[in-house]
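A.B. asks: Any chance you could fold what I've pasted below:
(one chain, ligands or ions: 2)
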Amino acid sequence: HQTIHQKDYKVPDYLVDTVELSFDLSPEHTRVVSRLAIHSNHDRSGGVRPLVLDGEELTLLSLKLDGVELEQGAYRVDGTSLALPDPPEQFLLEVETRISPKENSALSGLYASGPMLCTQCEAEGFRRITYFTDRPDVMAVYTVTLRADKASCPVLLANGNLVEKGDLPDGRHFAVWHDPFKKPSYLFAVVAGELVHIADSFTTMSGRQVRLEIYVEERNKDKCEHALRSLMRAMRWDEEQFGREYDLDTYMVVAVDDFNMGAMENKGLNVFNSRYVLASPESATDDDYQAIEEVIGHEYFHNWTGNRITCRDWFQLSLKEGLTIFRDQEFSADMQSRPVKRIADVKSLRSAQFPEDASPLAHPVRPESYVEINNFYSMTVYHKGGEVIRMLQTLLGREAFRAGMDLYFERHDGQAVRVDEFVQAMADAGRRDLSQFMLWYDQAGTPLLTVRDDYRAEDGSYTLTVAQSCPSTPGQPEKKPFHIPLVMGLLDREGNELPLQLAGETEPAGTSRVLELRQETETFTFTGLGERPVPSLLRNFSAPVKLEYPYSDEDLDLLMTSDSDPFVRWEAGQVQAVKLILGLIADIQSGREARVKESFIDSFRRLLCDDRQDRAFLAEALTLPTESYLAEQMQVIDPDAIYQARELVRATVGERLTAELTAAREGCAARAPYRPDDGLAGCRRLKNLCLSYLMAAGGQEAIGACMAQFKSADNMTDSLGALAPLASCACPEREEALASFYERWRGDRGVIDKWFTHQAISRLPDTMDRVLALLEHPDFDLRNPNRVRSLVGAFSQGNQVRFHDASGRGYRFLSDQILRLNGINPQIAARMLTPFSRWRRFDSNRQGLMKKELERILAEPGLARDVYELAAKSL
Ligand code: B3K
Ligand code: ZN
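C.D. replies: Numbers count the residues shown, from 1 in each chain. Ligands and ions are numbered 1, 2, ... in the order given. Sure thing, here's the model as predicted:
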């Protein structure tokens, strides 16, 4: 397998101006005719270069150049390309191919999902539809004709505007679509099948009417309303926040059940994983509702950040993905509680991106090389990339950042560009030198900030010394210092915010400031302080770094109760919980008696009874750090001790605070029937969290409360809020609840995914056996990515203690599934490898067992590029 390097980029030798595609659609055999108007893009005086088109899994039927059929020998064709050795300066190429959508289990290119045919072209799926220069810097105008059987395939969709449709002989019909915007092939899309839609219209800021349509299978028609409303909110938000208007007459979203990722931003025709479209109160949780809004927003925002301005090459992927993640995070923050959204985003970064950055698969936000680009749709490219954009906003300020965005759109609309062009627009608008900042794109690894301070009573000065370091990562042994915005403030002992005046300044400026770190060590001296202050550091998580400062328990209490920044308040509680649990882990490991400190229970009680706080925030503050986050804090991960210590805290809280938890739970009980947008999601979260603590303490009363809630719930959030703790409880009620849940929901794929997941993440010791049995369940299907994620993914990535069983059974199970998936869907197979890439973090027994499975995978003949790359790099 070949490695592609960023430094080898060359402009394309040929460009394509227009693409005319015509499809004779059928699941077994689809015939594709492509007419490409091509012109040469290189200096031909030094010799004419061949035209090389990409193509995979295609049967070539005929090839014409300017209307003349080419003889065999006038071209070369193999499993990955079609080459013309000596084409003219400008010409029309007509290529006829045949493909088999039904055989396409990789779900890349044109494939069948339920009663429809649909496409997924990013990153390199278009080449599985027809021969083409399948790279994002070749942009063309597309016209698409679709023909299919009218009865089985009444709906025919493609990008852009419908220009014509009509009937054909033999019960067939056709539709012609034209997309006036030049686009790269990865944004091409076709959907055909038996679908229904709901529609509405949106008036843009300049007064144009846009028709919005959501397409689903008939049985899901009453589950689209939330997606449609979310789309309208996203459109309005992008106008208000960024002045960006939609540019076609229709915007279509199609929900499909078989989909490799969340959704795809094809121009004018988004294709979505149905889990990010379909929702009803009975079947979707509050989190599902939120995720739908977020993903709908994400794909919509791509219309400007991704489609109008796209990437020059795939190394620049974060140009569109990091930026669009930042935009969707801001959108969601404006639609709900901003602090709670920020905390959720930081949690996901820490639990998935930090470990990636510390693993053998660590790569920069802009990678230097890849074997399979699909492996780089990673937490780093997306979410660290989003943090990098956020840091730009913090450094420049909101106004200059917005001006930078405007300048970027003004300069590069219609182009395929690099990250450099984006950062240059920011530098120009903000009149800043951002050359050092670019290291965030090119250096991997999570920086560590070590902060020390010194207060001098003699002159009332307070000095912060901040040292930064970054661990080495593959191919990058030494790191240069990053340009880091550190947002901070100072508190007095009563918790008041102190005015911040740096030495040399004539007066204080505010109580929260952005300190800019550029050198390995920086010092900042504040003046005019009558007592030693408590530093409030990394407010709003202003940079994707780890931070170390020797806080005392009193400092943390003060920050937790008094800091003006909600992220710092939350973080102070988490730091306390981490300290406590790590101490208990050490006790367990050395056979000492492990006991939860009284002071922890006290501060937990204080929080729980503090009814001034927002419920959703409170729920976050009362949630213990996850097992995987705790694992990150250890030299050698001990999954059993982590689980035991964390459970001990949960059980102790449940026992000691039974009355308070019960009261808090009742205080949050619903007083009216459920509505998803009733503003009460925070209440439900807190209520269900209380229930889980009560269940951790054990006892028939808690089980009874769980069953009562399970039976009476009028919404999925409460139903799962009861089912989740029951699934980890060794009681007869567990089987009863799981069985009745299955009976009630067996017809709903999305809910049955949840049923698989909750069994897979059960912490009971028999979970591995359960999971093996569920593999044989008639509803389990290795060809459906959501189902694979709900069982195999949930067990291996969401159940640390059971997956990492010291016997190695979990590891064997996972590699078995990866090898089966390798032949079906390489992208999904590769995604399942993640837990193995962390093998070095464990004890030598587990290391050996995981390594053995990786070696076994690598020894498999016919390993897909996707799986090969991750397995080889992990070792
Ligand atoms: N751009 C797509 C991701 C495509 C993944 C290809 N393996 C979805 C998104 O980020 O919006
Ligand atoms: Zn995206």
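A.B. asks: Pull out the buried residues from the lengthiest helix in the chain.
C.D. replies: For the chain, the helix that runs over the most residues, judged by DSSP state H, is helix 566-589. Buried residues in helix 566-589, defined by neighbour count with 16 or more other CB atoms under 10 Å: 566-582, 584-585, 587-588. Using the backbone N, CA and C atoms, a C-beta is placed for each residue, glycine as well.
A.B. asks: for stretch 492-504, the distance to its chain's centre please.
C.D. replies: Taking CA atoms, centre = their mean, to the nearest Å, the mean C-alpha location of stretch 492-504 is offset from the chain mean by 38 Å.
A.B. asks: Please disregard the earlier target; I meant stretch 252-262.
C.D. replies: Going by CA atoms, centre = their mean, where stretch 252-262 is centred and where its chain is centred differ by 15 Å.
A.B. asks: List the strands paired with the strand or helix carrying residue 201, with their directions.
C.D. replies: With secondary structure defined by DSSP states H and E, residue 201 is part of strand 196-203. Taking DSSP bridges as the criterion, strand 196-203 sits next to strand 209-216 (antiparallel) in its sheet.
A.B. asks: picking that back up, helices and strands around the longest helix of the chain, which ones?
C.D. replies: With contacts defined as 3 or more CB pairs under 8 Å, 6 or more residues apart in numbering; DSSP states H and E, the secondary structure elements packing on helix 566-589 are helix 338-348, helix 553-562, helix 598-608, helix 615-621, helix 627-632, helix 639-656.
A.B. asks: With residue 543 as the reference, measure out to the closest residue to residue 306 other than its chain neighbours.
C.D. replies: The shortest distance from residue 306 to any non-neighbouring residue, by CB to CB, 6 or more residues apart in numbering, is to residue 320 (3.7 Å). Remark: distance between residue 320 and residue 543 (CB to CB, to the nearest Å) = 22 Å.
A.B. asks: For the stretch 1-150 of the chain, which residue gets nearest to ligand 2?
C.D. replies: Per CB to the ion, residue 122 is where the stretch 1-150 of the chain lies closest to ligand 2, at 8.9 Å.
A.B. asks: which phi and psi does that residue have?
C.D. replies: Here the main-chain torsion angles of residue 122 (degrees, to the nearest 10) amount to phi -70, psi 140.
A.B. asks: list the contacts for it?
C.D. replies: With contacts defined as CB atoms under 8 Å, 6 or more residues apart in numbering, residue 122 is in contact with 186-187, 264.
A.B. asks: Ok, residue 580 next?
C.D. replies: 596-597, 600, 649.
A.B. asks: out of those, who's nearest ligand 2?
C.D. replies: The shortest separation between ligand 2 and any of the contacts of residue 580 is 37.4 Å, and it belongs to residue 649 (by CB to the ion).
A.B. asks: and the gap between the nearest residue to residue 210 once chain neighbours are set aside and residue 228?
C.D. replies: Using CB to CB, 6+ apart and skipping the chain neighbours, the partner closest in space to residue 210 is residue 202 (4.7 Å). Residue 202 sits at a distance of 10 Å from residue 228 (criterion: CB to CB).
A.B. asks: Who has more neighbours out of the two?
C.D. replies: Looking at residue 202 and residue 228 with other CB atoms under 10 Å, you find the greater number of neighbours at residue 228, namely 20 against 16.
A.B. asks: Surely that one touches residue 216?
C.D. replies: No - when contacts are counted by CB atoms under 8 Å, residue 228 is not listed as touching residue 216 (11.0 Å).
A.B. asks: Spell out which parts of the stretch 301-450 of the chain neighbour ligand 1.
C.D. replies: Residues of the stretch 301-450 of the chain lying close to ligand 1 (CB under 6 Å from any ligand atom) are 302, 321, 374, 377.
A.B. asks: Those residues: which ones sit near ligand 2?
C.D. replies: Near ligand 2, judged by CB under 5 Å from the ion, the entries from these are residue 321.
A.B. asks: Tell me which two of the residues of the stretch 301-450 of the chain next to ligand 1 sit farthest apart.
C.D. replies: The largest distance within these, taken as CB to CB, falls between 302 and 374 and amounts to 17.6 Å.
A.B. asks: Show me which of those two is the more surrounded one.
C.D. replies: For residue 302 and residue 374, the more surrounded residue by other CB under 10 Å is residue 302, and the numbers stand at 25 against 22.
A.B. asks: Distance-wise, check the more buried one relative to residue 522.
C.D. replies: As for residue 302, its distance to residue 522 is 37 Å (criterion: CB to CB).
A.B. asks: Check residue 258 too.
C.D. replies: Using CB to CB, one gets 52 Å for the distance from residue 258 to residue 522.
A.B. asks: Among these two, which residue is more densely surrounded?
C.D. replies: For the pair residue 258 and residue 522, the greater number of neighbours falls to residue 258 (22 against 18), based on other CB under 10 Å.
A.B. asks: wait, is residue 596 part of a helix?
C.D. replies: No - secondary structure assignment (DSSP: H, G, I helix; E, B strand; the rest coil) places residue 596 in coil, not in a helix.
A.B. asks: Show the model's pLDDT score for the residue lying closest to it once chain neighbours are set aside.
C.D. replies: Once flanking residues are discounted, residue 596 sits nearest to residue 652: 4.3 Å by CB to CB, 6+ apart. In the predicted model, residue 652 carries a pLDDT score of 98.
A.B. asks: How about the contacts made by the residue nearest to residue 306?
C.D. replies: Contact analysis of residue 320 by CB under 8 Å, 6+ apart lists 302, 305-306, 309-311.
A.B. asks: could you pull out the helices for the stretch 401-550 of the chain?
C.D. replies: 419-430, 439-442 (DSSP state H, counting those that start in this stretch).
A.B. asks: need these in TSV with mean neighbour count and mean pLDDT, can you?
C.D. replies: TSV is the format used below for these (neighbours: other CB atoms under 10 Å; pLDDT from 0 to 100):
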stretch	mean neighbour count	mean pLDDT
helix 419-430	20	98
helix 439-442	20	98
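A.B. asks: Make a markdown table out of those and add distance to residue 763.
C.D. replies: As requested, the helices of the stretch 401-550 of the chain are arranged in a markdown table below (distance: least, CB to CB, whole Å):
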| stretch | distance to residue 763 |
| --- | --- |
| helix 419-430 | 42 |
| helix 439-442 | 38 |
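A.B. asks: Looking at the ones you listed, spot the one closest to residue 465.
C.D. replies: If you check each of those against residue 465 by CB to CB, helix 439-442 wins as the nearest, at 21.6 Å.
A.B. asks: gap between the closest one and the chain center?
C.D. replies: Using CA atoms, centre = their mean, we find the averaged C-alpha position of helix 439-442 to lie 20 Å away from the chain's own average C-alpha position.
A.B. asks: which parts of this structure sit against ligand 1?
C.D. replies: Proximity of the chain to ligand 1 is confined to 122-123, 261, 263-265, 298-299, 302, 321, 374, 377 under the rule CB under 6 Å from any ligand atom.
A.B. asks: Domain boundaries for the protein, per the record?
C.D. replies: The chain resolves into domains spanning 14-301, 314-442, 746-875 when parsed by automatic domain parsing.
A.B. asks: possible to save these as a markdown table with distance to residue 559?
C.D. replies: What follows is those, written out as a markdown table (distance: least, CB to CB, whole Å):
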| stretch | distance to residue 559 |
| --- | --- |
| domain 14-301 | 28 |
| domain 314-442 | 14 |
| domain 746-875 | 29 |
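A.B. asks: which ones are touching residue 654?
C.D. replies: With contacts defined as CB under 8 Å, 6+ apart, the neighbours of residue 654 are 661, 693-698, 702.
A.B. asks: in stretch 460-475, what counts as buried?
C.D. replies: Counting neighbours by 16+ other CB under 10 Å, one finds that the buried residues in stretch 460-475 are 462, 464, 466-468, 470, 473.
A.B. asks: Between all of the residues you listed, which two are at the greatest distance?
C.D. replies: Across those, no pair lies farther apart than 462 and 473, at 34.9 Å, counting by CB to CB.
A.B. asks: tell me the mean pLDDT for the lengthiest strand in the chain?
C.D. replies: Among the elements of type strand in the chain, defined by DSSP state E, the one spanning the most residues is strand 172-184. Averaging the model's pLDDT scores along strand 172-184 yields 98.
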